[in-house]
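Chemist: Pasted the sequence and its predicted model underneath.
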Amino acid sequence: MARHRSAMKRARQSKVRRIRNMSRKTRVKQLVKAVRQAVARNQPEEAQAALKQAIPVIDRVAGRGTLHWKTAARKISRLTRQVNSLTAGS
C-alpha cells in the first residue's frame, strides 16, 4: 500500500483512470457488437448506421489513449470491410 503522499495520489489517479478506461472500452465493445450483429442478421442499412455511430467513438477513445491508435484503426478497418462486403453481396 502507498505510504507517502505522492504515491497515495498516484493510487487515487490510477483508480479513477482505470474506471474511466473500463467504461470507454465497454462502450467500444457494445458498438462493435452492434455492427457485427447487424452484419450477421444480413441488414445492410442497420449495419451501416451502427458503423457510422461506432467509428467516431472508437477514434475518440484512441485519441484519449485508452486504445492504441493501431488497434482502433484495425477495428474500424475490419468493421468497414464486413459492412462493405454485406452491401456488395446484396
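Modeler: That came through, no problem.

Chemist: Helices of the protein, residue ranges please.
Modeler: Along the chain, the segments classed as helices by DSSP state H run 5-40, 44-63, 69-89.

Chemist: Could you identify which of these is most buried?
Modeler: Each of these was scored by mean neighbour count; the highest is helix 44-63, a mean of 17, by mean count of other C-beta atoms under 10 Å. C-beta: built from backbone N, CA, C; applies to glycine.

Chemist: Contacts only, for Thr80.
Modeler: By C-beta atoms under 8 Å, 6 or more residues apart in numbering, the contact list for Thr80 reads Leu51.

Chemist: need the helix or strand of this structure with the lowest average pLDDT.
Modeler: Lowest on mean pLDDT, DSSP states H and E among the helices and strands of the chain sits helix 69-89, with a mean of 94.

Chemist: Residue nearest the middle of the chain, spatially speaking?
Modeler: The centre of the chain sits closest to Val28, judged by C-alpha atoms, centre = their mean, with a distance of 2.6 Å.

Chemist: Please consider this matter closed, and thank you.
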